[in-house]
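A.B. asks: take this sequence and fold it.
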Amino acid sequence: MRSRYTAYVVRDEDHLFRTWHPTTRPAEVEVDPSLTWTGLDVLEAGGNDDEGIVEFAAHWTSGEGAVRQRGAVRERSRFTRRAGRWFYLDAVRSGD
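C.D. replies: Numbering: from 1, shown residues only. Model (predicted):
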């Protein structure tokens, strides 16, 4: 989870693609260049050796000066382990 957040921060689309489960990932992964990611709060994490759930809030800013906006993406993400590696499967978002 933290490596995927970091990939959004540094715009590493290749890492996001490689850590997204092949059955649910899009054909291309694109990071919105207008967002600056400013923090990650892991709210809950749990699971077992093969499946996990992470609920988090990822904070962002966009724009400058008087038009600067702030927000957060809150998501409950499901992960699954495949061949010893964790993959992002899907999520339920709750607010932007």
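A.B. asks: hey, where'd the strands end up in the protein?
C.D. replies: Listed in chain order, the strands of the chain (DSSP state E) span residues 35-47, 51-62, 69-82, 85-93.
A.B. asks: for the ones you listed, which one sits closest to residue 12?
C.D. replies: Among those, strand 35-47 comes nearest to residue 12, with 11.9 Å by CB to CB. For every residue, glycine as well, the C-beta is placed using N, CA and C.
A.B. asks: which neighbours does that closest one have in its sheet, and in what orientation?
C.D. replies: With DSSP bridges as the test, strand 35-47 is paired with strand 51-62 (antiparallel).
A.B. asks: sketch out the low-pLDDT regions of this protein for me.
C.D. replies: Within the chain, the segments meeting pLDDT under 70 span 94-96.
A.B. asks: try 50 this time
C.D. replies: For the chain, the stretches flagged by pLDDT under 50 are 96.
A.B. asks: need the outlier residue of it, farthest from its centre.
C.D. replies: Of all residues in the chain, residue 66 has its C-alpha farthest from the mean position, at 27.7 Å, by CA atoms, centre = their mean.
A.B. asks: make JSON lines out of the strands of the chain and add mean neighbour count.
C.D. replies: Converted to JSON lines, the strands of the chain look like this (neighbours: other CB atoms under 10 Å):
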{"stretch": "strand 35-47", "mean neighbour count": "13"}
{"stretch": "strand 51-62", "mean neighbour count": "17"}
{"stretch": "strand 69-82", "mean neighbour count": "16"}
{"stretch": "strand 85-93", "mean neighbour count": "15"}
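A.B. asks: with distance to residue 3 added, can I get these in a markdown table?
C.D. replies: Listed next are the strands of the chain as a markdown table, based on distance: least, CB to CB, whole Å:
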| stretch | distance to residue 3 |
| --- | --- |
| strand 35-47 | 11 |
| strand 51-62 | 12 |
| strand 69-82 | 11 |
| strand 85-93 | 9 |
